[in-house]
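A.B. asks: For reference, the sequence and a predicted model appear below.
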Amino acid sequence: MDEPAPTVYLVDDDPDLLKALARLMQSAKMKVATFGSAQEFLDGHDRSAPGCLVLDLAMPGLNGLQLQQALEQEACPLPIVFLTAQGDIATTVQAMKHGATDFLTKPVDDIELLAAIQEALATGRMRRRTSVERERTAQCLATLTERERQVLELIVAGKLNKQIAADLGTVERTIKFHRANLMRKLEVRVVADLVKLAERAGIGKAPAT
């Protein structure tokens with residue numbers, strides 16, 4: 001199934017600005033949801049929906065950086081475009097270090113904002129694909145037996161079947177059997193892809209060349 005259309009979440013305590021931004025997004029054929037505070041967003045947004053967040057920095061209650069930190073703790077993949085009337089270099093650096101895709105100063109240029117949102121949406125799609133791939137890899141790895149996992153780790157370490165057999169106290173034919181099984185379970189055909197998959201999952205390192 002195709003992924004649902006992304007939502008641009010607008011969070012700002014200025015209702016007039018929210019309306020203006022929403023109209024701009026809608027004129028660009030974007031799906032929009034507006035929130036008057038960080039807490040309202042935390043309470044009301046759909047955590048499973050794709051999209052991005054256009055976030056005011058200075059707000060009563062939770063400010064923009066605090067909301068960013070709360071979402072980071074939830075492992076929320078939404079990319080954030082910050083809007084502020086009073087940004088400084090230190091704040092910008094902190095926001096970008098924690099994953100913000102852009103930091104724009106009010107009053108923001110419409111074209112600049114739309115471009116920043118498109119970039120954030122692209123980043124969001126990439127993050128979601130990466131998350132799906134990571135989850136799928138974890139599910140595949142969970143199907144391996146303990147011996148297959150040992151063989152995988154030794155393959156990633158750069159060892160040949162004969163060396164793996166010696167390390168595990170068995171014969172090369174048995175290692176070939178385990179190797180074929182684990183490659184089938186992980187849905188890879190060549191060792192290079194097997195090594196890349198294992199490294200993405202945090203298993204071993206690529207052998208030195």
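C.D. replies: Everything's here; your move.

A.B. asks: Run through the residues that contact the closest residue in space to L62 that isn't next to it in sequence.
C.D. replies: Nearest in space to L62, with sequence neighbours left out and distances taken as C-beta to C-beta, 6 or more residues apart in numbering, is A38 at 3.6 Å. Every C-beta, even on glycine, is put in place using the N, C-alpha and C of the backbone. Under the criterion of C-beta atoms under 8 Å, 6 or more residues apart in numbering, the contact partners of A38 comprise 11, 55, 59, 61-64, 66-67, 70.

A.B. asks: Would you list the phi and psi of the residue nearest to R200 when sequence neighbours are not counted?
C.D. replies: Counting by C-beta to C-beta, 6+ apart, R200 lies nearest to T137, which is 6.2 Å off, once chain neighbours are set aside. Note on T137: its backbone torsions stand at phi -60, psi -40 [degrees, to the nearest 10].

A.B. asks: L160 too?
C.D. replies: Note on L160: backbone dihedrals following degrees, to the nearest 10 are phi -80, psi 160.

A.B. asks: pretty sure the residue nearest to R200 contacts G202?
C.D. replies: No: judged on C-beta atoms under 8 Å, T137 makes no contact with G202 at a distance of 10.0 Å.

A.B. asks: the more surrounded of these two?
C.D. replies: Looking at T137 and G202 with other C-beta atoms under 10 Å, you find the greater number of neighbours at T137, namely 17 against 8.

A.B. asks: Alright, that wraps it up for me.
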